[in-house]
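1. starting from these lines, generate the structure:
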Amino acid sequence: MKKLPFGIQTFRTIIEDGYAYADKTKYIYNLINDTKHYFLSRPRRFGKSLLLDTISEVYSGDKELFKGLYIYDTDHNFDKHPVLKLDMSNIANETPETLKEELLIELRKRAKEENFSFNYNTPSAMLKMLIENLSKKNSRKVIVLIDEYDKPILDRITDIETAEANRDILRGFYGVLKSMDAYLRMTFITGVTKFTKTSVFSGLNNLRDITMSKGYANICGIETENLRTYFDEHIKDMAQIGNMGGYNEVYDKILTWYDGYSWDGETRAINPFSLLGFFGEKKLSSYWYASGTPAFLISLIKKKPASFLALNNLEISERALDNFEIRKLSIAPLLFQTGYLTVGAIRNRGDTESYMLKMPNFEVKEAFYLNILAEFTENEEDVTESAYWRIKESLDNGDLHNMLRVLRGLFASIPYQLHIEEEAYYHSIFYAIMSLLGFEAEAEVSVSGGRVDAILERGNNAYVIEFKYERSEPGATPEAKRALFEKALDEGMEQIKSKGYAKKYEGSKKTVHLAAFAFLGRGDIEMRTEK
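-> Numbers count the residues shown, from 1 in each chain. Model prediction:
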């Protein structure tokens with residue numbers, strides 16, 4: 001059984017030390033024989049760095065390193081080329097001045113290793129001369145690999161002025177590459193986000209973006225169809241653990257928790273970071289999510305709660321998916337690019353295509369909604385997770401009144417300074433809870449508000465739930481609040497009945513619960529139920 005390369009991003013170490021490796025060299029061979037300049041966006045910890053290191057080794061001249069892999073038996077000549085690899089995650093970027101200086105330090109270090117005598121004061125000039133001299137010294141064209149190109153921008157995204165200043169520096173720095181085409185064999189740039197070409201790559205408009213290309217959909221990640229090929233022994237090993245079940249059960253759990261990523265709407269990929277964590281720790285857990293969630297992402301959702309409600313079965317164009325501007329951050333493209341949404345299907349819309357987005361797997365869904373719930377109520381995650389389990393237990397037991405008590409406590413914990421008199425805010429909290437519980441939820445969000453229709457089956461119980469929010473004036477009397485509650489509960493129950501949500505259960509043996517919840521804010525929640 002091969003060792004697991006957890007945290008290892010160097011191809012040579014993986015191969016020479018006998019670690020498990022999912023062969024991606026067929027994609028690299030196709031890249032070499034396709035065009036010259038590429039861009040790829042993938043979520044963090046999805047194998048981008050290992051891919052670049054593998055490309056670097058393909059041009060190291062060491063053919064025997066690839067024995068047994070796809071590219072070894074192709075017509076690739078394995079000629080050695082000089083490689084210039086920059087990892088932008090290692091470049092300090094607190095200020096534009098720091099970014100410039102750190103880029104210069106990195107490039108001067110490489111120039112010194114090559115015994116080059118030039119020394120310029122701008123990163124773009126240093127990059128230009130380094131590429132030109134590397135090519136001339138080796139009588140070969142240069143391979144330029146840039147990892148995490150957007151890190152200096154994303155690290156400062158909450159400080160717009162610094163983020164824009166860093167972006168402007170990178171625009172000029174990356175733009176040099178176009179003028180160096182005569183000296184370049186390949187350029188490959190990776191990152192998480194897809195800033196518009198006019199934003200970062202305005203001077204480098206010859207990049208081919210393969211992010212959504214069908215032929216490169218699985219260039220990163222573990223292709224689902226190859227899971228058994230590369231990790232069969234590890235699945236068998238997990239099947240020996242008492243609470244994991246047999247081989248097929250382990251296999252199904254992997255797919256449920258970590259599979260589901262797609263960039264072509266047809267094939268699927270497994271999150272490699274989580275898969276290795278599962279095999280290494282021998283338990284199901286949210287490994288990828290726990291490795292870090294961008295704070296600005298949650299902050300943006302918190303500021304625009306209505307946008308969060310529109311994410312279920314969202315249809316979006318590729319142009320919209322590419323939309324990432326510092327001053328116009330949009331939630332859906334951001335969630336897609338950072339790995340919280342993926343392509344569920346692609347639809348033809350005349351001359352264009354649109355993408356149906358969905359959450360990829362259980363790991364992302366559970367951890368994401370728990371995080372949202374914690375952030376919106378400003379509780380610790382253990383508190384919201386406890387509330388989630390208590391609500392789940394209440395539904396298993398058919399006890400909606402206990403669920404109401406838990407909801408009151410959860411909503412009452414929202415700090416006064418955070419209390420937002422907006423339906424979408426409370427709607428978002430309720431929607432997160434329903435999504436965690438596995439409800440089939442549909443959100444219809446308009447400018448003025450929204451509604452959730454939720455249907456859930458748990459054991460012998462089936463629940464049809466409607467959520468309503470009414471704005472209560474400050475200092476409203478108990479009588480006034482009661483009138484608002486009655487109005488909302490009447491509307492909620494009538495909506496459940498008029499839409500016929502419970503008809504699917506006619507003739508079934510399930511106990512059907514109709515429940516209307518009315519919210520006036522914080523702990524002001526009432527419920528009406530019928531069976």
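2. contacts only, for residue 395.
-> By CB atoms under 8 Å, 6 or more residues apart in numbering, the contact set of residue 395 is 403, 437, 456, 458, 461, 463. For the C-beta atoms, the positions are set from N, CA and C on the backbone; glycine is no exception.
3. now intersect the residues you listed with the strands, please.
-> 456, 458, 461, 463 (DSSP state E).
4. and residue 427, how many neighbours?
-> 24 (other CB atoms under 10 Å).
5. re earlier: farthest-apart pair in the ones in strands among the contacts of residue 395, please.
-> 456 and 461 (8.5 Å; CB to CB).
6. and which of the contacts of residue 395 is nearest residue 1?
-> residue 437 (38.0 Å).
7. against residue 223, how distant is the residue nearest to residue 265 when sequence neighbours are not counted?
-> Leaving aside its chain neighbours, residue 265 sits nearest to residue 346 (3.8 Å; criterion: CB to CB, 6 or more residues apart in numbering). According to CB to CB, to the nearest Å, residue 346 and residue 223 sit 18 Å apart.
8. any idea how far residue 132 is from residue 121?
-> Residue 132 is 17 Å from residue 121, by CB to CB.
9. for residue 330, same thing?
-> 38 Å.
10. do the same with residue 225
-> 52 Å.
11. which one of the two has more residues nearby?
-> Using other CB under 10 Å, the more surrounded residue of residue 225 and residue 121 is residue 225, with 11 against 8.
12. excluding its backbone neighbours, what's nearest that one?
-> residue 267 (7.6 Å).
13. the one you found: what's it in contact with?
-> Per CB under 8 Å, 6+ apart, neighbours of residue 267: 217-218, 223-225.
14. same thing with residue 254?
-> 227, 235, 270, 275, 278.
15. then residue 38?
-> 31, 186-189, 207-210.
16. just flag the most distant two among the residues you listed.
-> 186 and 209 (15.2 Å).
17. between those two, which has more neighbouring residues?
-> Ranked by neighbour count (other CB under 10 Å), residue 186 and residue 209 place residue 186 first, with 21 against 16.
18. strand partners (parallel or antiparallel) of the longest strand along the chain?
-> Identified as the longest strand of the chain according to DSSP E is strand 511-521. Under the criterion DSSP bridges, strand 511-521 sits next to strand 461-469 (parallel), strand 524-530 (antiparallel) in its sheet.
19. where are the low-confidence patches of the stretch 351-500 of the chain?
-> 415-424, 439-453 (pLDDT under 70).
20. what are the ranges of the helices in it?
-> Secondary structure of the stretch 351-500 of the chain by DSSP state H, counting those that start in this stretch: the helices cover 362-377, 381-396, 400-412, 423-436, 478-498.
21. quick one: contacts for the residue lying closest to residue 516 once chain neighbours are set aside?
-> Computed as CB to CB, 6+ apart, the closest residue to residue 516 that is not its neighbour in sequence is residue 492, at 3.0 Å. Contacts for residue 492 (CB under 8 Å, 6+ apart) come out as 466-468, 516-518, 528.
22. closest to residue 288 among the residues you listed?
-> Of the contacts of residue 492, the one sitting nearest to residue 288 (CB to CB) turns out to be residue 467, at 30.6 Å.
23. secondary structure class of the residue nearest to residue 120 when sequence neighbours are not counted, three-state.
-> Nearest residue to residue 120 in three dimensions, chain neighbours excluded: residue 126, at 4.8 Å (CB to CB, 6+ apart). Using DSSP: H, G, I helix; E, B strand; the rest coil, the structure places residue 126 in helix.
24. pull the number of nearby residues for residue 126.
-> 24.
25. pretty sure it sits against residue 107.
-> Yes. Under the criterion of CB atoms under 8 Å, residue 126 makes contact with residue 107 at 4.1 Å.
26. show me the shaky parts of the chain.
-> 195-198, 203, 306, 309-310, 312-313, 323, 415-424, 439-453, 521-523.
27. the domain parsing of it - what is it?
-> 11-216, 222-290, 381-530 (automatic domain parsing).
28. can you measure across the second one, start residue to end residue?
-> Think domain 222-290. End-to-end span of domain 222-290 (CA to CA, to the nearest Å): 20 Å.
29. leaving out the residues flanking it, which one is nearest to the residue nearest the centre of the chain?
-> Closest residue to the average C-alpha location of the chain: residue 339 at 1.4 Å, with CA atoms, centre = their mean. Nearest residue to residue 339 in three dimensions, chain neighbours excluded: residue 43, at 2.8 Å (CB to CB, 6+ apart).
30. so who does the one you found touch?
-> Residue 43 touches 192, 337-339, counting by CB under 8 Å, 6+ apart.
31. looking at the strands paired with strand 511-521, which is closest to residue 48?
-> Among the strands paired with strand 511-521, strand 461-469 sits nearest to residue 48 (CB to CB), with 40.2 Å.
32. for the closest one, give me every contacting residue.
-> Residues contacting strand 461-469 (CB under 8 Å, 6+ apart): 395-396, 398, 400, 423, 426-427, 430, 434, 439, 449, 451-457, 488-489, 491-493, 495-496, 501-502, 505, 508, 510-520.
33. same question, stretch 88-100
-> 102-103, 106, 122-123, 146-152, 155-156, 162, 165-166, 168-169.
34. tell me how far the ends of that stretch are from each other?
-> 12 Å.
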